[in-house]
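Whatever this is, show me its structure:
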Amino acid sequence: MTTRAVSNPVGVILILGMTVLSVGALLAAGGAVIDNTRADAERSQMENSMSAFSSKASLVGLGESGHQRFSLGRVSQGQVDVREDAGRVRIWVDRSDDGSGDFDDCDDISDDSERTCIADATMGALVYENDGREIAYQGGGVWARQGDFSRMLSPPEFHYRAETLTFPIINVTGSGAASGDVRGAVSSEKGSQRLYPDDSPLTNPLSGGTVYVEIESEYCTGWQSFFEGQMEESPREECGEDDTVKIALDASLSPVFGAAITSNKNTSNGNPTVENHREGIDAPPADSEIESQVGECSEWGPIASSVSTGTHCTEDPDEFQDLSINTTDGDVKIVIDDVDNDGITDAGNIDIEGDGTVEVYLNSGGGIDISGNNDININGDPEQFVIYVHSDSKEIKLSGTVNYAGGIYAPNATLYQGGTITVDGSVVVREFGITNKGAIFNHDKSMNNITPELGTDLVNYVHVSERSVEVEFG
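Model (predicted):
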């Protein structure tokens, strides 16, 4: 047999083998592509199905229906199950000085006069899972998750607007898993439980403090993104290894300057004359707004003795002294970024001309120490003049002879000392400790018209309820 005679059939066999292998590889690759396409199509269909389920579950969770049937369509690439331990929500009010607010459960603070537990509840989820990717209903919202990242597909039943927080906590319960033609019913396990408002101290409107909302969830980054879109400030704690995000809402005052003195504590022992005093109030800080005003300054001092319309910035609080301020052509802002933390001392005479307003933003840890003879806006209207003080400042001292017409907003400071003091307007502090009965604090009703931008998320009314909804397949 010749070499040529042997090589021909061998070559044919090799070609046929390579062809078979190539076809097999193509079929395998094509099968994988088809599987991926089917999985993607099923996930897309499940996003729509979960949104439809969300509407039905929310009807039950909000008490508008006792029972709803649902269909999630055909599931062949994954499965659907109920996870009762998918999350937890805790809500509390903290009126303590440091505002740390952390606790393990409501029993930890049951006897704590400075913290009030509103809710501590599990928040289960209905979850579709396919090859490590999930679509879930939790808390009234629909979420998608892959790995450590999750995103919101539709918002939860958490509403924050006009200084009102409304959060009906919907907890999904049930057991088992389903695939194929997934159908079932969602029904109310029991009636809704109103958590806030309730009996004292769970009353509206809030009388101070900070409301904390903490969500522990497998879909934490989705919740965090939702909160970031709802709030002015970033979450107090962002998602980490513990899958927990925490936000804070400061209790608002309405009106902010609604009394001669507003404070949390009254330690005054000198019997000063106070027209009206709101006690037990933790006013929200103005720190964010003060820091924002500092950040907007492009040119810095010195401030001339005559000031007119516009914003005037300085790093030297001594420049806030013996000023003539003209507001005829518009409002005036004075921003003091006290880098040395010396504070304002001896403002001297501050005269305001015109009908515009004067706002002073003090970013300092040095506070205010006014002594000697000081006449501040005594010929103007009190509502024209307000000093906003950063919470790093702990003291506001007034002594000597001080005549002051306007507002002071220093919610983390103590107002003390004494002398011949007359304040017409409104003062907001943490502690009122004036020791001289020669001090007079009158409330000017025009101060009620001031609605300051504090640059923080405020809440006046809280409405929280809890209802469990049970999911049954079949």
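
Only C-alpha atoms from now on, for both contacts and neighbour counts.
OK.

what about this protein, any weak spots by pLDDT?
Residue ranges of the chain with pLDDT under 70: 1-37, 39, 97-105, 107, 109-113.

quick one, domains of this structure?
Using the TED database, the domain parsing of the chain gives 36-252+460-473, 261-453.

export the ones you listed to TSV and tack on mean neighbour count?
Shown next, in TSV, are those (neighbours: other C-alpha atoms under 10 Å):
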stretch	mean neighbour count
domain 36-252+460-473	19
domain 261-453	20
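
Return the alpha-carbon coordinates of stretch 405-425 using CSV.
Below are the C-alpha coordinates for stretch 405-425, written out as CSV (Å, rounded to 0.1, in the frame of the first residue of the first chain):
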residue,chain,number,x,y,z
ALA,A,405,-33.2,93.3,69.9
GLY,A,406,-33.3,90.2,67.8
GLY,A,407,-32.7,86.4,68.0
ILE,A,408,-30.0,84.1,69.1
TYR,A,409,-30.0,80.5,67.9
ALA,A,410,-27.5,78.5,69.9
PRO,A,411,-29.2,75.2,70.7
ASN,A,412,-26.2,73.5,72.2
ALA,A,413,-25.0,76.3,74.4
THR,A,414,-25.7,77.5,78.0
LEU,A,415,-26.9,81.1,78.4
TYR,A,416,-25.6,82.5,81.7
GLN,A,417,-24.0,85.3,83.7
GLY,A,418,-26.1,88.4,84.5
GLY,A,419,-26.2,92.1,84.7
THR,A,420,-28.6,94.7,83.4
ILE,A,421,-29.7,92.8,80.4
THR,A,422,-32.8,93.4,78.2
VAL,A,423,-33.5,91.2,75.2
ASP,A,424,-36.4,91.9,73.0
GLY,A,425,-36.9,89.0,70.6
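
now that stretch: how far from the chain's centre is it?
Distance, stretch centre to chain centre, for stretch 405-425: 30 Å (C-alpha atoms, centre = their mean, to the nearest Å).

do stretch 186-206 as well
Centroid separation between stretch 186-206 and its chain, computed with C-alpha atoms, centre = their mean, is 21 Å.

Between the two ends of it, what distance do you get?
Start-to-end span of stretch 186-206 (C-alpha to C-alpha, to the nearest Å) is 35 Å.

Same question for stretch 256-263.
End-to-end span of stretch 256-263 (C-alpha to C-alpha): 11 Å.

Need the residues that contact that stretch.
With contact meaning C-alpha atoms under 8 Å, 6 or more residues apart in numbering, stretch 256-263 is reached by 274-283, 407, 411, 424-432, 441-445, 447-448, 450-452.

Repeat the analysis, applying 7 Å as the threshold.
The contact list for stretch 256-263 (C-alpha atoms under 7 Å, 6 or more residues apart in numbering) reads 274-282, 425-432, 441-443, 447-448, 451.

quick one: the helices in the protein?
For the chain, applying DSSP state H gives helices covering 3-61, 220-230, 287-296.

how about the strands of the stretch 51-200 of the chain, start to end?
Taking DSSP state E, counting those that start in this stretch as the test, the strands found in the stretch 51-200 of the chain are 67-83, 87-94, 115-122, 125-130, 133-138, 141-146, 149-154, 159-161, 164-174, 177-188, 193-196.

mind checking which of these is nearest Ser399?
For Ser399, the closest of those is strand 87-94, at 33.6 Å, according to C-alpha to C-alpha.

what angle sits between that closest one and helix 220-230?
For strand 87-94 against helix 220-230, the angle by axes from the mean of the first three to the mean of the last three C-alpha atoms, to 10 degrees is 40 degrees.

Select, out of the strands of the stretch 51-200 of the chain, the one closest to Val358.
strand 159-161 (29.1 Å).

quick check, distance from the closest one to the centre of its chain.
Strand 159-161 has its C-alpha centroid displaced from the chain centroid by 11 Å (C-alpha atoms, centre = their mean).

repeat for stretch 234-250
Here stretch 234-250 is found 9 Å from its chain centre; the criterion is C-alpha atoms, centre = their mean.

end to end, how far does it reach?
End-to-end distance of stretch 234-250 (C-alpha to C-alpha): 13 Å.

Same check on stretch 324-335?
Terminal residues of stretch 324-335 are spaced 16 Å apart (C-alpha to C-alpha).

Mind checking which of the contacts of stretch 256-263 land in strands?
Secondary structure of the contacts of stretch 256-263 is defined by DSSP state E; positions in strands are 274, 277-278, 425-432, 441-443.

For my notes, please list those residues in CSV and give distance to Phe53 for each entry.
Listed next are these as CSV, based on distance: C-alpha to C-alpha, whole Å:
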residue, distance to Phe53
Val274, 59
His277, 52
Arg278, 48
Gly425, 55
Ser426, 53
Val427, 52
Val428, 49
Val429, 50
Arg430, 49
Glu431, 52
Phe432, 55
Phe441, 59
Asn442, 59
His443, 55
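
hmm, who's touching stretch 83-98?
Under C-alpha under 7 Å, 6+ apart, the answer for stretch 83-98 is 101, 114-126, 172-173, 208-218.

could I get that stretch in CSV with only the CA atoms?
Taking Å, rounded to 0.1, in the frame of the first residue of the first chain, the C-alpha atoms of stretch 83-98 are listed here in CSV:
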residue,chain,number,x,y,z
ARG,A,83,-37.2,34.8,54.0
GLU,A,84,-38.6,35.9,57.3
ASP,A,85,-35.1,36.9,58.5
ALA,A,86,-34.2,39.1,55.5
GLY,A,87,-34.3,42.4,57.5
ARG,A,88,-35.1,44.3,60.6
VAL,A,89,-36.2,47.9,61.3
ARG,A,90,-35.7,49.9,64.5
ILE,A,91,-36.9,53.4,65.2
TRP,A,92,-36.4,55.5,68.3
VAL,A,93,-36.2,59.0,69.7
ASP,A,94,-33.0,60.1,71.5
ARG,A,95,-33.0,63.2,73.7
SER,A,96,-29.7,62.5,75.3
ASP,A,97,-26.8,65.0,75.2
ASP,A,98,-24.5,62.9,73.1
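
still on that earlier bit, okay if I get the strands of the stretch 51-200 of the chain as a markdown table plus distance to Gly222?
A markdown table is the format used below for these (distance: least, C-alpha to C-alpha, whole Å):
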| stretch | distance to Gly222 |
| --- | --- |
| strand 67-83 | 18 |
| strand 87-94 | 13 |
| strand 115-122 | 18 |
| strand 125-130 | 14 |
| strand 133-138 | 11 |
| strand 141-146 | 7 |
| strand 149-154 | 4 |
| strand 159-161 | 16 |
| strand 164-174 | 17 |
| strand 177-188 | 24 |
| strand 193-196 | 25 |
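
out of the ones you listed, nearest to Gly348?
Closest approach to Gly348 among the strands of the stretch 51-200 of the chain (C-alpha to C-alpha): strand 87-94, 39.2 Å.

what is the orientation angle of that closest one with strand 133-138?
Strand 87-94 runs at 50 degrees relative to strand 133-138, counting by the same axes, to 10 degrees.

can you start the count at 446 instead of 1 from here on
Sounds good: first residue 446 from here, last item strand 532-539.

so Val780 sits right up against Val739, yeah?
Yes: between Val780 and Val739 a contact is recorded at 6.4 Å, counting by C-alpha atoms under 7 Å.

can you list residues touching both of the two?
Counting by C-alpha under 7 Å, 6+ apart, Val780 and Val739 have no contacts in common.

Apart from its chain neighbours, what residue comes closest to Gly532?
The spatially closest residue to Gly532, leaving aside those adjacent along the chain, is Ser662, at 4.2 Å (C-alpha to C-alpha, 6 or more residues apart in numbering).
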